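J.: fold the stuff below for me.
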Amino acid sequence: MSGEATSRGDETFTPPPVTVRVAPMLRIQGYSDLSRVRPVIKDVAQRMASVAEQSFNPAVRYRHLKVLSCVEGTLALETGTDLHCPAFAHFLPECREVVVFVLTIGRDFDRRLEDLLQRGKTLEALFLESAGWLGVETVTKRLTEHLRRTSARRGLRLTRRIAPGYTYRVGDTTTEWELREQEPLFGLFEGDNLPVRLLDSCAMLPKMSRSGMFGLRPRD
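T.: Take a look at the predicted model:
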């Protein structure tokens, strides 16, 4: 097999500055015909895009882990941790290694969003939240590109991203990676200095955060 799986400690990734485009923000809020959006709405969206960009402080942690086995929906990792999802057999074929990650755009964004809500600035808060999720998507995309490049140098190919709390279609059926699996996933990281905190509900703080996993398999 090309690209021998190796265990590594926690790694960090710092993406370049994140910019937010206004058009996707408007579409998220249901404005399909951008030519008909009132100037006052466009102005609010533009201002919130700028506020979001100034508040972004993205942080990413990830870790490569060897796969011991993946049988009947149970993924056994070198740490002694088992993760459970019936879709693993479909999404992680031939994977001898996985990459788990957590990322966020930072606490300052949450504070600015909460401030708007407390002051009754509902429209501004809606657009700022949209900008935040676009920021999370951008950071996720850049992490994916980074992992794809580094994996290719080892002769490996990245699988699609999967995460606890999501439902996946496999053939004619749907299956869920249960949200409670956030706990063992977060437990795979060393130390207590993660940029994201997991609540008892398995929601994450800061709010604009994401976790997940990629598989690594030999390139065709």
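J.: low-confidence bits of this structure, can you list those?
T.: 1-8, 192 (pLDDT under 70).
J.: residues in contact with the strand ranked longest in the chain?
T.: What stands out as the longest strand in the chain, according to DSSP state E, is strand 59-71. Under the contact criterion Cβ atoms under 8 Å, 6 or more residues apart in numbering, strand 59-71 has outside partners 5-15, 75-79, 88-89, 92, 95-104, 106, 139, 143, 147, 188-190, 194-195, 215-216. The C-beta positions use only the backbone N, C-alpha and C, and glycine is treated the same way.
J.: I'd like the next helix or strand past it.
T.: Later in the chain than strand 59-71, the nearest helix or strand by DSSP states H and E is strand 74-77.
J.: so what's the gap between the helix or strand following that next one and the chain middle?
T.: Note on strand 74-77: by DSSP H and E, the next helix or strand toward the C-terminus is strand 82-84. Taking Cα atoms, centre = their mean, to the nearest Å, one finds the center of strand 82-84 at 19 Å from the center of the full chain.
J.: for strand 82-84, buried residues please.
T.: Residues of strand 82-84 classed as buried by neighbour count (16 or more other Cβ atoms under 10 Å): Leu83.
J.: sheet partners, orientation included, of that strand?
T.: strand 74-77 (antiparallel) (DSSP bridges).
J.: quick check: buried residues in the partner strand?
T.: Quick answer for strand 74-77 (16+ other Cβ under 10 Å): 75, 77.
J.: hang on, the earlier thing: give me the buried subset of the contacts of strand 59-71.
T.: 5, 10, 13, 15, 75, 77, 88, 92, 95-104, 106, 139, 143, 147, 188-189, 194-195, 215-216.
J.: tell me the gap between the longest helix seen in the chain and the middle of its chain.
T.: In terms of residue count, the longest helix belonging to the chain (DSSP state H) is helix 122-152. Its chain's C-alpha centre and that of helix 122-152 lie 8 Å apart, by Cα atoms, centre = their mean.
J.: one more: stretch 212-220?
T.: Using Cα atoms, centre = their mean, the offset of stretch 212-220 from its chain centre is 16 Å.
J.: distance check, Leu68 against Gly80.
T.: 9 Å (Cβ to Cβ, to the nearest Å).
J.: these two - which one has more neighbours?
T.: Using other Cβ atoms under 10 Å, the more surrounded residue of Leu68 and Gly80 is Leu68, with 15 against 7.
J.: which helices and strands sit right next to the helix or strand in which Ala45 is found?
T.: Element membership of Ala45 [criterion: DSSP H and E] is helix 39-55. For helix 39-55, the contact count by 3 or more Cβ pairs under 8 Å, 6 or more residues apart in numbering; DSSP states H and E identifies helix 22-28, helix 107-118, helix 122-152 as packing neighbours.
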